[in-house]
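Asker: sequence and predicted structure below; questions after.
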Amino acid sequence: MKKRKILLVDDDLKNSIFLIRFLEEESYEVTYANNGKVAWELFPSFKPDLVLLDINMPEMDGFELAQKIRECNKKVIIFFLTDRTEKTDRLKGFNLKGNDYIPKPFYPEELIAKIKERFDGLLDIEEKIYNLGNMTFNYSLCSVIINGISRNISVRQADILKILVEHLNSIVERDYILDHVWGVSSYSNSLSLNVQITHLRKILEVDHSISIVSLKKKGYILKA
């Protein structure tokens, strides 16, 4: 079986070395970064299954790194490992789509148990695949295949397209999309929605059997 890959991001080198030994004893492949900026540079090539992420770090903190990761990858597991235990910090971590928030100090055995549980759960998750016209949309992988050509889309674009596909040929109000994708309806988010819809249209335009139709001041319809 292929080794699971873990990216450990923490500026505490001494404790990180200790933790890496535990992880490697469990046959995980581990790569280490001492700040968020280095981790972000490593992320595309290493392609981790799990990111263990401290929050207080130089260059780029854990919250900023988590946001960047989630903008391009919704599948990778993110565990925050931190001594920041305030309710507001925990809520921010989960709002950034973190999968767990583990306060320091913690027992390595406890962390290993949580990792194993999460990886075991992945085996039970079915990919969400939608077939429409000449398009195959894999929501889990954030990819669209049209006429045999695969295109990757962002996490937000995948969330928007999923909503439109699940409401096929029906009006989806702008506020509904904003609330479900961004979490809040605001002017800046509304502008971002316009941009994401434009990107999706460019990707889908090669399939003439489907289209995204705008209804002024109302919302959108995915027609097929």
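Answerer: Here it is on my side, so go on.
Asker: let's check: the centremost residue of this protein is which one?
Answerer: For the chain, the residue nearest the mean C-alpha position is residue 74 (2.1 Å; Cα atoms, centre = their mean).
Asker: pretty sure it is in a strand, no?
Answerer: No - judged by DSSP: H, G, I helix; E, B strand; the rest coil, residue 74 forms no part of a strand; its state is coil.
Asker: mind listing what the residue nearest to it when sequence neighbours are not counted touches?
Answerer: Spatial nearest neighbour of residue 74, excluding adjacent residues (Cβ to Cβ, 6 or more residues apart in numbering): residue 155 at 4.3 Å. Where C-beta positions appear, they are placed from N, C-alpha and C, glycine not excepted. Contact analysis of residue 155 by Cβ atoms under 8 Å, 6 or more residues apart in numbering lists 70, 71, 72, 73, 74, 142.
Asker: just the buried residues of those.
Answerer: 70, 73, 74, 142 (16 or more other Cβ atoms under 10 Å).
Asker: in CSV: the residues you listed, plus pLDDT and distance to residue 25.
Answerer: As requested, the buried ones among the contacts of residue 155 are exported to CSV (pLDDT from 0 to 100; distance: Cβ to Cβ, whole Å):
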residue, pLDDT, distance to residue 25
70, 89, 30
73, 85, 27
74, 80, 30
142, 84, 33
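Asker: out of those residues, who's nearest residue 49?
Answerer: For those, the residue nearest residue 49 by Cβ to Cβ is residue 73; the value is 10.8 Å.
Asker: what about residue 144, which SS state?
Answerer: Once three-state DSSP is applied, residue 144 turns out strand.
Asker: okay, now it: neighbour count?
Answerer: Neighbourhood size, residue 144 [other Cβ atoms under 10 Å]: 23.
Asker: my guess is it contacts residue 154, does it?
Answerer: No - the pair residue 144 and residue 154 fails to qualify as a contact (Cβ atoms under 8 Å) at a distance of 11.4 Å.
Asker: rounded mean pLDDT for stretch 78-96, please.
Answerer: Average pLDDT, stretch 78-96: 88.
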